[in-house]
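>>> Pasting the sequence and the predicted coordinates here, then a few questions.
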Amino acid sequence: MALGSLVKTLQNIMRNDAGVNGDAQRIEQMTWLFFLKIYDAKEQEWEFYDDSYESVIPDELRWHSWAHDRKDGKALTGAELLDFVNNRLFPTLSGLELGPDAPLRQAVVKAAFTDANNYMKDGILLRQVVNEIDQAVDFTEYRERHAFGEIYETILKDLQSAGNAGEFYTPRAVTDFMAEMLAPKLGETVADFACGTGGFLTSALKLLAPQVKTPADKDTYSQSIYGIEKKQLPYLLCVTNMLLHDIDSPQVYHDNSLDSDIREYRHKKGGQFNVVLMNPPYGGSEKATIQGNFPTALRSSETADLFLALILYRLKKGGRAAVIIPDGFLFGQDSAKVEIKRRLLEDFNLHTVVRMPQSVFAPYTSITTNILFFDNTGKSDGVWFYRMDMPEGYKHFSKTKPMRGEHFDHVREWWVNRKEIELPDGPKAKRYTIDELVAGGFNFDLCGYPHEEEVILPPDELIRNYRAERAKLDAAIDEKLAKICEILGIEVEDEG
């Protein structure tokens, strides 16, 4: 079977199963099966090079023992297969007893099956899915393992349009551009504290892989990435992704990055990183106890703000970061946003803000986003803002017309030869001094889009955009009132 049609074939089989409801569940079902097959192939490789290797998975639960159909009529199927998966495979793998010093390549098995689900209720259909996966790719073959990237991209694109699950996927063109601008070097550590399916980590690995020249370099490469993901499905996708990229012991953890006191990272071994690439969750909220992990001035109910504050504490001296952030952060005037922006200018070197066009994350959301580029090398001496317009011939991006790598070519050209660009409708690229940004009340809503296409949005998206626009207007009003009060000598208490 052609690799490109495998995902569609699996989805068609699962549509006949009453237990699987929607694309997100179909993707999760495929993912734990792919993980087991890929992990089995990696174990065969580890056993070949290490005679003392012992699998953490009981032999009868390894993929080759139960999933491979030898065409002798003995392959598990129907009710027997369902009983095996539900009452032996899942309970055993999710309940593996591992010590605190267990190797990461063992720990990921337990983490992968903690909170995972088998949604299928028809054991005959499940056998069909297992057979299709087993026969599709030989993951012990290097070429076939890397050819699987085609299937993986199909899964991720499907995930993007699978309801709320799309929040975990950042278009590959965006992750590649951000990684390229930070240019990680072998020996540096690259982190994503809400890593989703691992898009940023794989973009970094693509740049690090050509730098591997010796066996020692390979060891360094395998220790170069670090990720944390709170949700089960993207975590499992990310771990599988890392195994495909020859990261045998992925430092990827199923956890909440915000669930620790961030002040401790500056003194904790391994707590800081050379490179941070992120698209933090935004629009969500964390429980009140999470905010206690942050200094008072940085406490916020907005998850994106908390992740930005986290980066400020986990970026090594001399390190560099690229972070996607919604428009609301740029013009936001609540105390936490202002404090983060102040620190980005005074304690860090915020040097570039790339304003991306609307619909980059369609169909998941149409909220306009931006990329902040900063490093931990001292205070900023000015910030460049660059407006990235829609490509010629595009009104908006979509699943059939996604953002592509070449759409960043104009940004790349401008990046290496920066100059201000003034258009009839306002500045497209402009450098602002720190004094100008401070005098503007830390309003970073600069070089924006003067005209927007009218788009009919679903009600929840419409309400979200109205709220964002209202916040923007409130910020402008507060700024004017503050200036009036300053002229009149009136002190106004900060309501943030």
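Yes, it's here. As the structure is a prediction and not an experimental result, all values here were calculated from the model.

>>> just checking, residue 246 touches residue 222?
Yes. Applying CB atoms under 8 Å, one finds residue 246 in contact with residue 222, separated by 7.3 Å. All C-beta spots, glycine's among them, are computed from the backbone N, C-alpha and C.

>>> Mind listing what's buried along stretch 407-421?
Neighbour-count burial for stretch 407-421, counted by 16 or more other CB atoms under 10 Å, picks out 407, 408, 411, 414, 415.

>>> nearest to residue 180, of those?
Nearest to residue 180 among the buried residues of stretch 407-421 is residue 408, at 8.5 Å by CB to CB.

>>> correct me, but that closest one touches residue 177?
Yes. If you go by CB under 8 Å, residue 408 and residue 177 touch, sitting 4.5 Å apart.

>>> Direction included, what does the lengthiest strand in the chain pair up with?
Identified as the longest strand of the chain according to DSSP state E is strand 315-326. Strand 315-326 has its sheet partners listed here by DSSP bridges as strand 273-278 (parallel), strand 369-375 (antiparallel).

>>> what sits up against the last one?
Residues from elsewhere that reach strand 369-375, judged by CB atoms under 8 Å, 6 or more residues apart in numbering: 174, 178, 181-182, 308, 315, 318-327, 329-330, 344, 348-356, 360-361, 380.

>>> Show me which of those residues are buried.
Among the contacts of strand 369-375, the ones that count as buried by 16+ other CB under 10 Å are 174, 178, 181-182, 308, 315, 319-327, 329-330, 344, 348-356, 360-361, 380.

>>> now, of the strands paired with strand 315-326, which is deepest in the fold?
Most buried of the strands paired with strand 315-326, by mean neighbour count (mean count of other CB atoms under 10 Å): strand 273-278, with a mean of 25.

>>> can I get the strands paired with strand 315-326 in CSV with mean pLDDT?
Converted to CSV, those look like this (pLDDT from 0 to 100):
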stretch, mean pLDDT
strand 273-278, 98
strand 369-375, 97
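
>>> closest one to residue 15 among the ones you listed?
Closest of the strands paired with strand 315-326 to residue 15 is strand 369-375, at 33.4 Å (criterion: CB to CB).

>>> Tell me the gap between that closest one and the middle of its chain.
15 Å (CA atoms, centre = their mean, to the nearest Å).

>>> centre of the chain versus the following helix or strand past that strand, how much separation?
Toward the C-terminal end, the helix or strand that comes next after strand 369-375 (DSSP states H and E) is strand 383-387. What separates the centre of strand 383-387 from the centre of its chain is 24 Å, taken as CA atoms, centre = their mean.

>>> In the sheet, which strands lie alongside strand 383-387, parallel or antiparallel?
The pairing partners recorded for strand 383-387 under DSSP bridges are strand 349-355 (parallel), strand 426-432 (antiparallel).

>>> Other residues contacting that strand?
By CB under 8 Å, 6+ apart, strand 383-387 touches 345, 350-355, 411, 414, 418, 427-432, 434, 437, 444, 446-449.

>>> what's the neighbour count on the residue nearest to residue 65 when sequence neighbours are not counted?
Spatial nearest neighbour of residue 65, chain neighbours left out: residue 59 (6.0 Å); criterion: CB to CB, 6 or more residues apart in numbering. The number of residues packed near residue 59 is 8, by other CB atoms under 10 Å.

>>> about what we covered before: quick one: mean pLDDT over the longest strand of the chain.
Averaging pLDDT along strand 315-326 gives 96.

>>> would you put the C-alpha positions of it in PDB?
What follows is strand 315-326, C-alpha atoms only, in PDB (Å, rounded to 0.1, in the frame of the first residue of the first chain):
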ATOM      1  CA  LEU A 315      16.600  30.800  29.200                       C
ATOM      2  CA  LYS A 316      20.300  30.500  29.800                       C
ATOM      3  CA  LYS A 317      22.600  33.500  29.900                       C
ATOM      4  CA  GLY A 318      23.400  34.100  26.200                       C
ATOM      5  CA  GLY A 319      20.400  31.900  25.200                       C
ATOM      6  CA  ARG A 320      17.900  32.900  22.600                       C
ATOM      7  CA  ALA A 321      14.200  32.400  22.100                       C
ATOM      8  CA  ALA A 322      11.400  32.600  19.500                       C
ATOM      9  CA  VAL A 323       7.800  32.500  20.800                       C
ATOM     10  CA  ILE A 324       4.400  32.800  19.100                       C
ATOM     11  CA  ILE A 325       2.100  35.100  20.900                       C
ATOM     12  CA  PRO A 326      -1.500  36.500  20.100                       C
END
